[in-house]
Structures are given as C-alpha cells and as structure tokens.
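Undergrad: Let me see the structure of the following:
(one chain, ligands or ions: 1)
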Amino acid sequence: MKIISAIIIAGFFLGGRFSGQSAEETIFKPANPPAMQPLTDHDSPAYHAAKLFQHGANLGNYLEAPPKQSWGVTVSAEEFAAMKREGFDHVRVPVGWHHYAGSAPDFALAPEIFAKADFVVTNALNNKLAVMINIHHFGELDKDPVGATAEFLAIWRQVAAHYKNFPGTLAFELDNEPHDQATTALMNPIYARAIAEIRQNNPGRTIFVEPGSWGDIAELKNLVLPPDDNVIVSVHCYEPFHFTHQGATWTGTDFLQTGIVFPGPPATPLEPDLSLKPKPWVLDWIKKYNTLPAAKNPSGPVAFTGKLKYVHDWSEYYGRPVHIGEFGAFTKGDPQSRANFYSAFRRTAENLQLGWCIWDWSAGFRYWDKKEQRAMPGMHAALFDR
Ligand code: BGC
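TA: Alright, predicted model coming up:
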C-alpha cells in the first residue's frame, strides 16, 4: 500500500491516540480550570457557523504531505461537485504549511502552497461547501510548543492575511491533534495568541481549536479559551480503535489483527493471530469482542456513545459548539462493517447535535471510489439515509 508506506517513511506514529478510557469515566462534571468561563449565548456566531459544519469529509493525505511527496491522493474540481451531490456540507483540508515556511524570523510561506490551498478552497466554496483549513502534522510544535510558537504564529499571520477577504464559510483550525509536549495546558495560551493574531484582520472568521492528546475528548476538561464568540472546539474519536484501525501499520503493533466486524460479537469467534504476539490486554479485548452481547460489545456503539454524550454535555455547559473533526474506519475492515460503523457513529453524533467530519474522502479510510466515480459500498446510505 503506497499511501501507508509513504506515511511510515514520513515518520508519523499515531499510536498514542488509543485512550482505552472506560465508559464510566466519561460522565460529565464541570471540571475545567476556573479561567474557562462558560459562555451563555447559544445564538452566537460560533453556533451559527456550527450549523454549516454538520456533515463533512476530510480531504486527507493530500496537502499535508511534504512538497514533492505524494501520498496517493489527487483532487479534481469535479470532486467537490461530487461531495456536494453526495450530501456533504463541508470539507476539512489538512495542510502542511510548515513544510513551505522559510527561515526565522519571517517564516515566509512559499507561493506554491497558497496556490494549492486556493485551488481547494475556491472549488469547495464554488460548490457551496463550507471549508476548514488547518495546520496538520506540525511535528515541531508537538516536540517543542514554546520553541515553535513564533513559527506557528507567523504561519497564521500569513494565512490570515491571505484569506482575509474570503467568505465567512471558510474557517481556520489552529492545529491538528496536538500531542506529546503540546499538552492542552501548554497550547491554551498559544491558541489565545493565535486567535488574537487572526482577529486583527479576520474579525468574523470562525476558528476551530482542538485539545491535546490528539484532540482527545478526555482533554476537553483542560481547555481554557478566550471568551471569543466565534470559536468552535473540535475533537477526534476513533473508537472502537481495534475495529477502526485494524491492520493500520502506522499505529504500532497492537492493532494489526484484522477480521474484526462491527458490531460484534462475530458469528464465529475470531481466532487471535498469535504471530502478531498480542499483548494480554489485546487478547482480553478479543475475548470480550467474541463473547459480549451486542449492547455491551467493545466493537459496538458502546465504544463511542458515552464519549459523545460527554462531548454534548460539556458543550452545553461551557456554551461552546463542538465538532467531531475526525472519525472513521480503515478499508481493511469489511465493507458491510464499515458501513454499519459509519452509520451508527454519525447517527449517535447527530442525535446529540454534534457536527461530524469523516476521515476521509479518497485515501485509506475512503468514502469516494475515484476509479468508479461513486461512493464505496454502503457508504452513501450509511451517512445520508434519514
Ligand atoms: C492522520 C492520518 C491517519 C488518520 C487515521 C489522521 O489524523 O492525519 O494520517 O490516516 O488520522 O489514523
């Protein structure tokens, strides 16, 4: 698989995203630092903007790839029309701006990346899709958030200036999945500075922010945001991870077991592949998957329902709309299970008034079959049947 090996070559290891948190731990209690003031206006610009970001697709593995590298994705103008026709209302565009930044102190961005991003943004907007651009895989910020702040702010200064006259349906997301040293606590003041920077020439632009630990729901409680009324919070959720990431080589060795269906239990118990040297906790998960009834099965909606309910309750209490910026299942899972999963997840999110954005449009977790020019089996109904 070309795409996967390119990611491995690029050195990404996304294993830390599996939280293993139990359902009981997800009951909401207000716990953010006192500086995180609840906002009382639920009719604010952020809430209005959130209505435009309900059913989205991530244009993954495209503009976040370093220059001269292809991760196997290309995109044509016609594909944005297809996205709209399928029923999506927005597209999230991961962008590796940092790969195109010159040296300090200006960190001048090469025109090449603006040309590429403009093509995507303009075609999305022309097709009446809302669009969100971010900074994706900015490893320097994860390693040394304070040291990389100058570059982070310089990137946003330039991106904000470039897009200041674009319609309000273009949004910025400050950073994808901060992790390692980029804890929520360290990112809070950095986010506040970036928001202040962007506000100088984009007073009405919607800004998305993600908590640390890879946009983890459990990190919402550590966010401290300025009282800006056009900020939306975004979290990522790949539960049940053993199902969604089965066979994914970029998440370490604990998720290589394939043949996992959704929802469990399977008709015939899954024999663990011992050649993968599964750890005891993996074997324990497989045992539960083989034996627990559907309502309690770890490869079922129980893996995400409590978490999404927590997101909803947190959002209501703090007066901040929350968006699920990434969820999805790798194409190593069987098509029927993938469709079952996407359907169950997005229905749960919708019942809780949470906008969602699938990972991804046409890469390893794809919705769109480029060759056939149609949705992958079962995927259209999974996302859009009402
Ligand atoms: C990463 C992708 C990865 C996906 C699913 C995204 O956040 O950018 O590289 O394929 O998550 O693991």
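Undergrad: from here on, contacts and neighbour counts on C-alpha atoms
TA: Fine.
Undergrad: Which residues belonging to the helix or strand hosting R85 are considered buried?
TA: Element membership of R85 [criterion: DSSP states H and E] is helix 77-86. Residues E79, F80, A81, A82, M83, K84, E86 are the ones in helix 77-86 that count as buried (16 or more other Cα atoms under 10 Å).
Undergrad: any idea where the helices of the stretch 101-250 of the chain begin and end?
TA: 111-126, 139-143, 149-163, 184-199, 212-215, 241-244 (DSSP state H, counting those that start in this stretch).
Undergrad: Tell me what N58 is bridged to.
TA: R92 (DSSP bridges).
Undergrad: what's the pLDDT at it?
TA: Note on N58: pLDDT of 98.
Undergrad: Any chance you could list what contacts the helix holding R85?
TA: V120, N123, A124, N127, K128, L129, H380 (Cα atoms under 8 Å, 6 or more residues apart in numbering).
Undergrad: Drop anything exposed from those residues.
TA: Buried subset of the contacts of helix 77-86 (neighbour count, 16+ other Cα under 10 Å): V120, N123, A124, N127, K128, L129, H380.
Undergrad: Just put those in JSON lines and tack on distance to M36.
TA: Below are the buried ones among the contacts of helix 77-86 laid out as JSON lines (distance: Cα to Cα, whole Å):
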{"residue": "V120", "distance to M36": "35"}
{"residue": "N123", "distance to M36": "37"}
{"residue": "A124", "distance to M36": "34"}
{"residue": "N127", "distance to M36": "37"}
{"residue": "K128", "distance to M36": "34"}
{"residue": "L129", "distance to M36": "32"}
{"residue": "H380", "distance to M36": "39"}
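Undergrad: which among those gets closest to H55?
TA: Taking Cα to Cα as the measure, H55 lies nearest L129 of these, at 10.2 Å.
Undergrad: The chain: strands as residue ranges?
TA: For the chain, applying DSSP state E gives strands covering 55-58, 90-93, 130-134, 170-173, 207-209, 231-236, 322-327, 355-358, 368-369, 374-375.
Undergrad: and those strands as a markdown table, adding mean neighbour count and distance to P280?
TA: Listed next are those as a markdown table, based on neighbours: other Cα atoms under 10 Å; distance: least, Cα to Cα, whole Å:
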| stretch | mean neighbour count | distance to P280 |
| --- | --- | --- |
| strand 55-58 | 26 | 34 |
| strand 90-93 | 28 | 37 |
| strand 130-134 | 24 | 38 |
| strand 170-173 | 24 | 38 |
| strand 207-209 | 27 | 36 |
| strand 231-236 | 25 | 27 |
| strand 322-327 | 25 | 27 |
| strand 355-358 | 25 | 31 |
| strand 368-369 | 18 | 37 |
| strand 374-375 | 16 | 38 |
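Undergrad: right, so of those, which gets closest to K164?
TA: In terms of Cα to Cα, the element of the strands of the chain nearest to K164 is strand 170-173, at 9.8 Å.
Undergrad: chain center to that closest one: distance?
TA: 14 Å (Cα atoms, centre = their mean, to the nearest Å).
Undergrad: can you list contacts of that strand?
TA: By Cα under 8 Å, 6+ apart, strand 170-173 touches 121, 125, 130-135, 205-210.
Undergrad: List the strands paired with that strand, with their directions.
TA: Assessed with DSSP bridges, strand 170-173 is paired to strand 130-134 (parallel), strand 207-209 (parallel).
Undergrad: Which residue of this protein lies farthest from its centroid?
TA: The outermost residue of the chain relative to its centre, with distances by Cα atoms, centre = their mean, is T268 at 33.1 Å.
Undergrad: and the gap between it and L274?
TA: Going from T268 to L274 by Cα to Cα, to the nearest Å gives 18 Å.
Undergrad: and what of P94?
TA: Distance, P94 to L274, by Cα to Cα: 37 Å.
Undergrad: In terms of neighbours, single out the busier of these two.
TA: P94 (24 against 10; other Cα atoms under 10 Å).
Undergrad: can you pull out the helices in the stretch 251-386 of the chain?
TA: 280-291, 302-318, 335-351, 379-384.
Undergrad: do you know which of the ones you listed lies nearest H90?
TA: Nearest to H90, of all these, is helix 379-384, at 13.6 Å by Cα to Cα.
Undergrad: buried set for that closest one?
TA: M379, H380, A382, L383.
Undergrad: and what of stretch 273-292?
TA: Residues of stretch 273-292 classed as buried: P278, V282, L283, I286, K287, K288, Y289, N290 (neighbour count, 16+ other Cα under 10 Å).
Undergrad: Adding distance to T249 and pLDDT, write the residues you listed out as TSV.
TA: Shown next, in TSV, are the buried residues of stretch 273-292 (distance: Cα to Cα, whole Å; pLDDT from 0 to 100):
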residue	distance to T249	pLDDT
P278	14	97
V282	16	97
L283	19	98
I286	19	98
K287	22	98
K288	23	98
Y289	21	98
N290	23	98
